[in-house]
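Participant: Based on what follows, work out the 3D shape:
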Amino acid sequence: MDFEKARFNMVEQQIRPWDVLDQHVLDLLFEVKREEYVPAEYRELAFADIEIPIGHGVSMLFPKLEAKILQAVGLRKSDRVLEVGSGNGYMTALLAMGGQHVYSVEIVPELSAMAEKNLKAHHVGNVTLEVGDASQGWGKHGPYDVIILAGSTPVLPEEFQKELHLGGRLFAVVGEGPAMRATLVTRIGKDAWHTEDLFETRIPALQNAMKMKKFVF
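Facilitator: Numbering: from 1, shown residues only. Purely as a prediction, here's the structure:
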């Protein structure tokens, strides 16, 4: 299989038509080899518009959604990033290549080990991987310039917003099916944030994600 041609087709046929035109993001997609992170049995599907299973009930995000997230947060070389959900390390590698340092927290130890193996194999060193439950915040290394939740959350915990630097950006998919909102939160003051709904999508929820309170009558 010609992976370079497949990568080019992914960008031209999936990514650009979804209005991802930021050249910095497109360059990252060519630089970080997606096929080298997916499980071997799915390698030839690495660029397909599907969620690829990586084990433990978890799948990689669609390529166009990964690109859309990178564009939304406006990743810069000086950014310190919190990623909630390491998965197999592919998104972690994209963030590391585009930012200064990534703190990536994964609740499933086996997935964290997979991410570590993949990142080491590709000499990605500006990453701190940790095992833990960051579904409702991870202030340990904060404040952050960028926070990305790799799974959805029915309710976005306020803790994440408080862990942003002034000017920091938070991407999260918020809500419950069938329609969820891709949301960008930007900290604009000490106690002020701007929230923007970007588009509708649907992805699996984070383990232990904060749920909506149910009213009892």
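
Participant: residue closest to the middle of the protein?
Facilitator: Nearest to the geometric centre of the chain sits Ala150, at 4.3 Å (Cα atoms, centre = their mean).

Participant: Count the neighbours of the residue lying closest to His122 once chain neighbours are set aside for me.
Facilitator: Nearest residue to His122 in three dimensions, chain neighbours excluded: Ala93, at 6.5 Å (Cβ to Cβ, 6 or more residues apart in numbering). C-beta coordinates here come from the backbone N, C-alpha and C atoms, glycine included. If you count neighbours by other Cβ atoms under 10 Å, Ala93 ends up with 25.

Participant: Can you give me every residue that contacts Ala93?
Facilitator: By Cβ atoms under 8 Å, 6 or more residues apart in numbering, the residues touching Ala93 are 32, 37, 118-119, 122, 124.

Participant: I'd say Met180 and Thr153 touch.
Facilitator: No. Look at Met180 against Thr153 with Cβ atoms under 8 Å: they stay out of range, at 9.2 Å.

Participant: So for those two, which residues contact both of them?
Facilitator: In contact with both Met180 and Thr153: 173-174, using Cβ under 8 Å, 6+ apart.

Participant: buried stuff in the host helix or strand of the residue nearest to His122?
Facilitator: Assessed by DSSP states H and E, Ala93 sits inside helix 90-98. For helix 90-98, burial by neighbour count (16 or more other Cβ atoms under 10 Å) applies to 90-98.

Participant: Stretch 98-108 now?
Facilitator: 98-99, 101-108.

Participant: With stretch 33-52 instead?
Facilitator: Burial within stretch 33-52, assessed by neighbour count using 16+ other Cβ under 10 Å, is assigned to 33-35, 37-38, 46-47, 52.

Participant: Appreciated, that's everything.
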